[in-house]
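Trainee: sharing a model prediction with you, sequence too.
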Amino acid sequence: QVQLVESGGGLVQAGDSLRLSCKASGRTFSIYVMGWFRQAPGKEREFVAAIRWSGGNTYYTDSVKGRFTISRDNAKNTVYLQMNSLKPEDTAGYYCASTGRSYASSYSQPLEYDYWGQGTQVTVSS
């Protein structure tokens, strides 16, 4: 199994920045991709960004391109989500996820992931 622990959320104003972290432990050698999802109250969980553990290929949803950057530090088993120019619509619980599947079509669907963190809240005030 893989355990994931997120940190870094908080309350910020529109235009501010935050960096989320997700530390993985356990069978980290099995990780192929790590992703970030978010879920606002009353809405479905939506894909934000993903990164291949080896190689570093990145994927983003259109609404965060140019504002968010996903990166990883393999030595620390940690993935980061740098969020700049935050908007009130970015307010949500942010969840880190991992998958060992190398054959997923897009890595943008929650069902493609095997393990999830407990989430960290990001609130952006206007």
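Mentor: Cool, the structure landed. Numbering: from 1, shown residues only.

Trainee: tell me how far Tyr113 lies from Asp73.
Mentor: Going from Tyr113 to Asp73 by C-beta to C-beta, to the nearest Å gives 20 Å. Using the backbone N, CA and C atoms, a C-beta is placed for each residue, glycine as well.

Trainee: of the two, give the one with the bigger neighbour count.
Mentor: The residue with more neighbours, out of Tyr113 and Asp73 and counting by other C-beta atoms under 10 Å, is Tyr113; that gives 23 against 11.

Trainee: so what's the nearest residue in space to Ser105 that is not next to it in sequence up against?
Mentor: Of all residues not flanking Ser105 in the chain, Glu112 sits nearest, at 7.8 Å (C-beta to C-beta, 6 or more residues apart in numbering). With contacts defined as C-beta atoms under 8 Å, 6 or more residues apart in numbering, Glu112 is in contact with 99, 101, 104-106.

Trainee: neighbour-wise, which one of the residues you listed leads?
Mentor: When the contacts of Glu112 are compared by neighbour count (other C-beta under 10 Å), Thr99 ends up highest, at 21 neighbours.

Trainee: sorry, back to before: of the contacts of Glu112, closest to Lys65?
Mentor: For those, the residue nearest Lys65 by C-beta to C-beta is Ser106; the value is 15.0 Å.

Trainee: quick check: closest non-adjacent residue to that closest one.
Mentor: Nearest non-adjacent residue to Ser106, counting by C-beta to C-beta, 6+ apart: Tyr59, 7.3 Å away.

Trainee: including secondary structure and pLDDT, could the contacts of Glu112 go into TSV?
Mentor: What follows is the contacts of Glu112, written out as TSV (DSSP: H, G, I helix; E, B strand; the rest coil; pLDDT from 0 to 100):
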residue	secondary structure	pLDDT
Thr99	strand	95
Arg101	coil	88
Ala104	coil	73
Ser105	coil	73
Ser106	coil	80
